[in-house]
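In: my questions are about this predicted structure, shown below with the sequence.
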Amino acid sequence: MKLTLETLERWLWDSADLMRGHIDSSDFKNYIFGLLFLKRANDQFFEEANLAVQEEGISLEEALEDEDYHQFFIPKAAYWKELTKKTENIGQALDKAFAAIEEINPQLEGVMTAVHFGDSEKLPDNLLSRLLQHFNKYSLANADLENPDILGNAYEYLIREFAGDAGKAGGEFYTPKEVVKLVVGLIKPEAGNSIYDPTCGSGGMLIESAHYIKEHGGVVDKYINASLFGQEKNLGTWAIAKINMIVHNFIDSDIRKGDTLAHPQHTQNGELMTFDRVIANPPFSLKKWWAPAEVDIKTDENGKEIAPKYNDVVTDEYGRFKYGIPPRGYGDLAFVQHMIAVLKQNGRMGVVLPHGILFRGGTEGKIRKGILEDDLIEAIVGLPEKLFYNTGIPASILIINKNKPESLKDKVVFIDASSEYKDGKNQNTLTDDNIKKVVEAYNLGAGILIPSNNDLNGTEVPTPAIDKFMRLVDIDEIRENDYNLNIARYIDTSEPEEIVDIKTVLSEIAELEAKEKAIDNELDGYLRELGYE
């Protein structure tokens, strides 16, 4: 019987329960994903060898030794069946196995050794033995899976569960899938697109973008026609993203590690690479976002930190901050400007941001003005509160389009989706209907669902709007508001006050008083009959 998604998810999550009490729950993912990949790679390796025996007529020994038959070559030091036999120094054996895999598979460099199993105090032999035996329960070879997609789906499930288990820390590597689906539905990636996430976390936004392309027919020879690129600062999260790409069969994806703002990795000939679609959920209001400025912080005579003035110390060889240098305490618009810089001239990008970037003044106000005057902002979507693991504040989605259609020149689509959610005890969620409503409102505002001027034979196209939800706003109105993009300034969601007819109200009061007096008189009569005066 083949392994189903339900069984696979339950089996993988049970492995986390084995680790409880030994290490922090926020660290579960690093070890479990490593073991999952090791088991999958072994099962696939031997499956490939057996296929080579059948199809090529060679011996099993030859098939196991020839790298050409394998997606990832597994050296003998990393054979799963040998590791499960060990009873002592298991952690050290696993570390050696991962190092051996990396040495012979350059595309996995740094991925397998990002986490260490050799700390016997944290991971004693009895725990590792139980984990290995637990993972030994099922085969992860392709022939034993219900369908080729379940491994990737189970991986996504684990990431989501680990994010929920980690609480606020989960927001550092995972964006709720419903929010991701909404952003992807707004930027609409197409077959053949290059897609880039500068703060990719575990890679969910890139994977969902590829799924969107697949759902819209972008498949060639069973492969999704898209190129995925990403960068992630956290080493452990970067390794998870790399494995995520592998289990989803995006072997050629380009996920790099490092600080995107200070050290962007996707460059060619000294210049930034550009992409068709750019998508991200950067850390909200990141403080001290320019790492080179924080290396040698001075203190005054009282030992108080002397904060560097970013306007003076931030210099970027790629010229990304053309609209201005964001303040030290708010890195949001630094990420936005990086994303604009790497977006192709016919590209579109979507970024999740805190509401503050819509209205904060000072340098951020000047940056916002510059982006608006260059007519890059296509849409702003206000989201509900409590959607994210690391914050309860409501966020917004900013859609940038370097090639806006004529119907959107010098205009911005505003959508207030703050009431579009399913209530949850600890966290709210977006339903499919919520997502559909927002995307359709955006399509309407962006002119995707309305006819062009030519279709109307020269008649004027009506300005699209949905009462209390969506409105297309001209740049002149935004200028009048000093480039403040607070959604409440453009969409009135208040309910009209009920008009009170004073004469009618006074008449009703008099009528009620008369009824009250009659009831009192009747009650007095009953009391007298009973002998109460």
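Out: In hand now; what should we look at?
In: just the strands in the stretch 401-533 of the chain please.
Out: Using DSSP state E, counting those that start in this stretch, the strands found in the stretch 401-533 of the chain span residues 411-416, 465-466, 470-474.
In: what average pLDDT does the last one get?
Out: So the one you mean is strand 470-474. What strand 470-474 shows for mean pLDDT is 95.
In: name every strand pairing with that strand and say which way it goes.
Out: Strand pairing for strand 470-474, determined by DSSP bridges: strand 411-416 (antiparallel), strand 465-466 (antiparallel).
In: in the stretch 201-350 of the chain, what residue spans correspond to helices?
Out: Under the criterion DSSP state H, counting those that start in this stretch, the stretch 201-350 of the chain contains helices at 204-215, 235-247, 310-313, 332-341.
In: now the ones you listed as CSV including distance to Glu88, mean pLDDT and mean neighbour count?
Out: All C-beta atoms are positioned from the backbone trio N, CA, C, and that covers glycine. What follows is the helices of the stretch 201-350 of the chain, written out as CSV (distance: least, C-beta to C-beta, whole Å; pLDDT from 0 to 100; neighbours: other C-beta atoms under 10 Å):
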stretch, distance to Glu88, mean pLDDT, mean neighbour count
helix 204-215, 39, 95, 23
helix 235-247, 27, 92, 24
helix 310-313, 53, 92, 14
helix 332-341, 48, 98, 23
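In: out of these, which gets nearest to Asn142?
Out: helix 235-247 (11.8 Å; C-beta to C-beta).
In: show me what the closest one is packed against.
Out: Judged by 3 or more C-beta pairs under 8 Å, 6 or more residues apart in numbering; DSSP states H and E, the packing partners of helix 235-247 are helix 28-56, helix 150-166, helix 204-215, strand 227-232, strand 254-257.
In: which strand in this protein runs the most residues?
Out: Scanning the chain for the strand with the most residues, using DSSP state E, yields strand 343-354.
In: CA atoms of the helix or strand following it as PDB?
Out: Heading C-terminal from strand 343-354, the first helix or strand you meet, by DSSP states H and E, is helix 362-373. Extracted C-alpha coordinates of helix 362-373, given in PDB (Å, rounded to 0.1, in the frame of the first residue of the first chain):
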ATOM      1  CA  GLY A 362      10.300  62.300   7.500                       C
ATOM      2  CA  THR A 363      12.600  60.500   5.200                       C
ATOM      3  CA  GLU A 364      10.000  57.700   4.600                       C
ATOM      4  CA  GLY A 365       7.500  60.400   3.400                       C
ATOM      5  CA  LYS A 366      10.100  61.600   0.900                       C
ATOM      6  CA  ILE A 367      10.800  58.100  -0.300                       C
ATOM      7  CA  ARG A 368       7.000  57.400  -0.700                       C
ATOM      8  CA  LYS A 369       6.600  60.700  -2.600                       C
ATOM      9  CA  GLY A 370       9.400  59.700  -5.100                       C
ATOM     10  CA  ILE A 371       8.000  56.300  -5.700                       C
ATOM     11  CA  LEU A 372       4.500  57.800  -6.300                       C
ATOM     12  CA  GLU A 373       5.700  60.600  -8.600                       C
END
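In: helix or strand next in line after helix 362-373, which one?
Out: Assigned by DSSP H and E, the successor of helix 362-373 is strand 377-382.
In: show me the contact partners of that following strand.
Out: Identification of contacts with strand 377-382 by C-beta atoms under 8 Å, 6 or more residues apart in numbering yields 182, 186, 348, 355, 358, 371, 394, 396-401, 404, 408, 412-418, 438, 442, 445-446, 485, 487.
In: if we use 7 Å, what do you get?
Out: Residues outside strand 377-382 that contact it (C-beta atoms under 7 Å, 6 or more residues apart in numbering): 186, 358, 371, 394, 396-401, 404, 408, 412-418, 438, 442, 445-446, 485, 487.
In: then stretch 123-130?
Out: Stretch 123-130 is contacted by residues 18, 22, 87-88, 90-91, 117 when judged by C-beta under 7 Å, 6+ apart.
In: re earlier: out of the helices of the stretch 201-350 of the chain, flag the one nearest Phe45.
Out: With C-beta to C-beta as the criterion, Phe45 lies closest to helix 235-247 of the helices of the stretch 201-350 of the chain, at 13.4 Å.
In: what's the offset of the closest one from the middle of its chain?
Out: Between the centre of helix 235-247 and the centre of its chain there are 14 Å (C-alpha atoms, centre = their mean, to the nearest Å).
In: could you figure out how far it is turned away from helix 150-166?
Out: Per axes from the mean of the first three to the mean of the last three C-alpha atoms, to 10 degrees, the angle that helix 235-247 makes with helix 150-166 is 160 degrees.
In: need the residues that contact helix 235-247.
Out: Helix 235-247 is contacted by residues 29-30, 33, 37, 111, 114-115, 151-152, 155, 173, 200-203, 207, 228, 230, 232, 253, 255, 257 when judged by C-beta under 7 Å, 6+ apart.
In: follow-up on the earlier one: quick one: buried ones out of the contacts of stretch 123-130?
Out: Buried positions within those, assessed by neighbour count (16 or more other C-beta atoms under 10 Å), are 18, 90-91, 117.
In: lowest pLDDT pick from these?
Out: Among the buried ones among the contacts of stretch 123-130, Leu18 carries the weakest pLDDT, at 90.
In: in a helix, that's where that residue is, yeah?
Out: Yes: assessed by DSSP: H, G, I helix; E, B strand; the rest coil, Leu18 belongs to a helix.
In: need the distance between the two termini of stretch 86-94.
Out: End-to-end distance for stretch 86-94: 10 Å, by C-alpha to C-alpha, to the nearest Å.
In: likewise for stretch 412-427?
Out: 30 Å.
In: need the strands paired with strand 470-474 in JSON lines (columns: distance to Leu286, mean neighbour count and mean pLDDT).
Out: JSON lines is the format used below for the strands paired with strand 470-474 (distance: least, C-beta to C-beta, whole Å; neighbours: other C-beta atoms under 10 Å; pLDDT from 0 to 100):
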{"stretch": "strand 411-416", "distance to Leu286": "25", "mean neighbour count": "25", "mean pLDDT": "97"}
{"stretch": "strand 465-466", "distance to Leu286": "34", "mean neighbour count": "16", "mean pLDDT": "84"}
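In: tell me what the closest residue in space to Val183 that isn't next to it in sequence is bridged to.
Out: Closest residue to Val183 apart from its sequence neighbours, by C-beta to C-beta, 6 or more residues apart in numbering: Gly350 at 4.3 Å. On the basis of DSSP bridges, Gly350 is bridged to Ile279, Ile399.
In: report pLDDT for Gly350.
Out: 98.
In: tell me how far it lies from Val179.
Out: Per C-beta to C-beta, to the nearest Å, Gly350 is found 10 Å from Val179.
In: higher neighbour count, those two?
Out: When Gly350 and Val179 are compared on other C-beta atoms under 10 Å, the one with more neighbours turns out to be Gly350, at 29 against 22.
In: gap between that one and Tyr310?
Out: Applying C-beta to C-beta, the value for Gly350 to Tyr310 is 26 Å.
In: of all the strands of the stretch 401-533 of the chain, which lies closest to His263?
Out: strand 411-416 (32.8 Å).
In: how far is the closest one from where the chain is centred?
Out: Distance, centroid of strand 411-416 to centroid of chain: 22 Å (C-alpha atoms, centre = their mean).
In: got a markdown table for the strands of the stretch 401-533 of the chain, with distance to Ala143 too?
Out: Below are the strands of the stretch 401-533 of the chain laid out as a markdown table (distance: least, C-beta to C-beta, whole Å):
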| stretch | distance to Ala143 |
| --- | --- |
| strand 411-416 | 47 |
| strand 465-466 | 51 |
| strand 470-474 | 50 |
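In: quick one on the thing from earlier: can you put the buried ones among the contacts of stretch 123-130 in JSON lines and add distance to Trp289?
Out: JSON lines is the format used below for those (distance: C-beta to C-beta, whole Å):
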{"residue": "Leu18", "distance to Trp289": "39"}
{"residue": "Ile90", "distance to Trp289": "41"}
{"residue": "Gly91", "distance to Trp289": "37"}
{"residue": "Phe117", "distance to Trp289": "34"}
